[in-house]
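Student: heads up, no residue letters with this:
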């Protein structure tokens, strides 16, 4: 759960006033000075979002530039202005890009800035001001104006009007399927010819890093979709980053379970002929297990996301999951019975081998949660979490539904075979309680029924305690003979324990 974020303004009208001071009239230096003073006061009270801090730094340099233009120019003043402009722009770009370096491998600043919609020439100016000669004063002035315009359209307007503002369009997320196809091609070549493993090692490493970079890009897109592109500066609990990673891993898992990725396109390569157990072909394991283990090492919760995607598919209805369209069409009262019923083209069709292969992958994920050495101490917790997700999605209620898939039952049976307690729990949950009698079947007096229930409860306790209770309760029918004690660890309280009878809901004190 993300905690509320502190903001320096009391309401949005104060931020709107500051925005008006900055952008209403570009020649009004007094208004800009009021904006700088207000931002400075806010900064002294609470940490400013990066956008406001950058706006404060750039506006301060602009005011310094305007005031120095009336004085006698000197080389030192020009150098000071150039350094101030450059410093403000460098801090703006770095503050936007650095928080979005979310992957295990570093990405170029230009690629992240392109996703954010930041002008490319500002990134180049940042590089030149950092590693090369300082740009000219005119170029830096243009960069300051461009930066303030970008902040207007990407921070002030979206914050003031979150529902109607139109921020700069972001670069769409590149497809993941070509990256996975490239990885699959390389690994397939090494499985066929082991001598190519050394030769293709660099390309395999590059393909793996490209997939990891895609995850980092997906985190940026997730942050932009949630309206948190670099402006969430102080999040000590890390909820924002976790949410971004969760979204990216969900998209990755959805792509992995598609046909042609974890599940081969050819049905003959998915399962062995006549296979009735959950087992993956050796070639499929050699291709994909290194990537899954690598992703598990970098992202400890990745198996949970993949298990969730698999169980979501196994519980989704299909056109061949037991439904009979022809039977549904014939209700016994229609005058015309259709001879054939067409199934919509967009409705998914049953594919038992596909479901069985996905269930085998879920079983493999549960069994190999300990393959990531960095997370060995949490492996058992992760494994139990994966089992809980599978059982919650494919439990008795789902297994008894008309659209249940055979692979779901095989997966549950495989998990229960290794966990006797889980099998016992599922057997209890699968027993549906018998429906009680209707209100019209009651013939006994409710008080008599309550007395019989009380006697049954008293019969479970030792005779002395039952007699004490009868004496204190008053006129109660004789208790039934004691046919057995309470379950292990239970005992009935009596008068010697300080127990006294009282109406339900009344607290009896010790004195």
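Tutor: Done, it's in. All of these numbers come straight from a predicted model, not from anything done at the bench.
Student: just checking, next helix/strand downstream of the longest helix along the chain?
Tutor: In the chain, with assignment by DSSP state H, the single longest helix is helix 201-225. Per DSSP states H and E, the first helix or strand lying C-terminal to helix 201-225 is helix 239-256.
Student: buried ones in that next one?
Tutor: 240-241, 243-245, 247-256 (16 or more other C-beta atoms under 10 Å). From N, CA and C alone the C-beta is placed, and that goes for glycine too.
Student: which other helices and strands contact it?
Tutor: helix 177-192, helix 201-225, helix 302-314 (3 or more C-beta pairs under 8 Å, 6 or more residues apart in numbering; DSSP states H and E).
Student: in the protein, which helix or strand is least confident?
Tutor: Ranked by mean pLDDT, DSSP states H and E, the weakest helix or strand in the chain is helix 325-329, scoring a mean of 39.
Student: what's the next secondary structure element after that helix?
Tutor: Next along the chain after helix 325-329, taking DSSP H and E as the criterion, comes helix 352-367.
Student: tilt between that following helix and helix 302-314?
Tutor: Orientation check (axes from the mean of the first three to the mean of the last three C-alpha atoms, to 10 degrees): helix 352-367 against helix 302-314 gives 150 degrees.
Student: how far off helix 239-256 does helix 352-367 point, in degrees?
Tutor: Compare the direction of helix 352-367 with that of helix 239-256 by the same axes, to 10 degrees and you get 140 degrees.
Student: residue 12 against residue 160, yeah?
Tutor: Yes - at 5.9 Å, residue 12 counts as touching residue 160 under the criterion of C-beta atoms under 8 Å.
Student: mind listing what's buried along stretch 77-85?
Tutor: 81-82, 84-85.
Student: now the two most distant members of those.
Tutor: By the measure C-beta to C-beta, 82 and 84 form the most distant pair in the buried residues of stretch 77-85, at 7.4 Å.
Student: where does the stretch 201-350 of the chain have low pLDDT?
Tutor: Scanning the stretch 201-350 of the chain for pLDDT under 70 picks out the ranges 223-242, 272-276, 317-349.
Student: what do you get if the cut-off is 90, keeping everything else the same?
Tutor: Within the stretch 201-350 of the chain, the stretches with pLDDT under 90 are 201, 209-210, 212-249, 259-260, 262, 265-285, 293-350.
Student: what about residue 93, distance to residue 99?
Tutor: The gap separating residue 93 from residue 99 is 12 Å, by C-beta to C-beta, to the nearest Å.
Student: who's more crowded, those two?
Tutor: residue 93 (25 against 21; other C-beta atoms under 10 Å).
Student: right, and residue 354 touches residue 259 too?
Tutor: Yes - between residue 354 and residue 259 there is a contact under C-beta under 8 Å: 6.6 Å.
Student: the more surrounded of the two?
Tutor: residue 354 (22 against 13).
Student: shaky segments in the stretch 1-150 of the chain?
Tutor: Scanning the stretch 1-150 of the chain with the threshold set as pLDDT under 90 gives 1-17, 22-30, 32, 43-51, 63-82, 94-124, 126-138, 150.
Student: can you give me the helices in it?
Tutor: 12-23, 29-45, 50-69, 75-97, 109-116, 120-131, 137-151 (DSSP state H, counting those that start in this stretch).
Student: among these, which is nearest residue 265?
Tutor: Between the helices of the stretch 1-150 of the chain, helix 109-116 lies closest to residue 265; by C-beta to C-beta that is 32.0 Å.
Student: next, the angle helix 137-151 makes with the closest one.
Tutor: 40 degrees.
Student: in helix 109-116, what's buried?
Tutor: 109, 112-113, 115-116.
Student: so which elements touch that helix?
Tutor: In terms of contacts (3+ C-beta pairs under 8 Å, 6+ apart), helix 109-116 is packed against helix 75-97, helix 120-131, helix 201-225.
Student: circling back: now the helices of the stretch 1-150 of the chain in JSON lines, with distance to residue 488?
Tutor: Below are those laid out as JSON lines (distance: least, C-beta to C-beta, whole Å):
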{"stretch": "helix 12-23", "distance to residue 488": "63"}
{"stretch": "helix 29-45", "distance to residue 488": "62"}
{"stretch": "helix 50-69", "distance to residue 488": "62"}
{"stretch": "helix 75-97", "distance to residue 488": "63"}
{"stretch": "helix 109-116", "distance to residue 488": "62"}
{"stretch": "helix 120-131", "distance to residue 488": "71"}
{"stretch": "helix 137-151", "distance to residue 488": "69"}
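Student: from residue 265, how far off is residue 363?
Tutor: Going from residue 363 to residue 265 by C-beta to C-beta gives 22 Å.
Student: more crowded one of those two?
Tutor: Taking other C-beta under 10 Å, residue 363 and residue 265 do not tie; residue 363 has more neighbours (23 against 10).
Student: where does the nearest residue to the more buried one once chain neighbours are set aside sit: helix, strand or coil?
Tutor: Leaving aside its chain neighbours, residue 363 sits nearest to residue 278 (4.5 Å; criterion: C-beta to C-beta, 6 or more residues apart in numbering). At residue 278 the chain is in coil, as set by DSSP: H, G, I helix; E, B strand; the rest coil.
Student: let me see the contact set for residue 278.
Tutor: 356, 359-360, 363, 410-411, 414 (C-beta atoms under 8 Å, 6 or more residues apart in numbering).
Student: next: residue 499.
Tutor: Taking C-beta under 8 Å, 6+ apart, one finds residue 493 in contact with residue 499.
Student: surely it is within a helix?
Tutor: No - assignment of residue 499 by three-state DSSP gives coil, placing it outside any helix.
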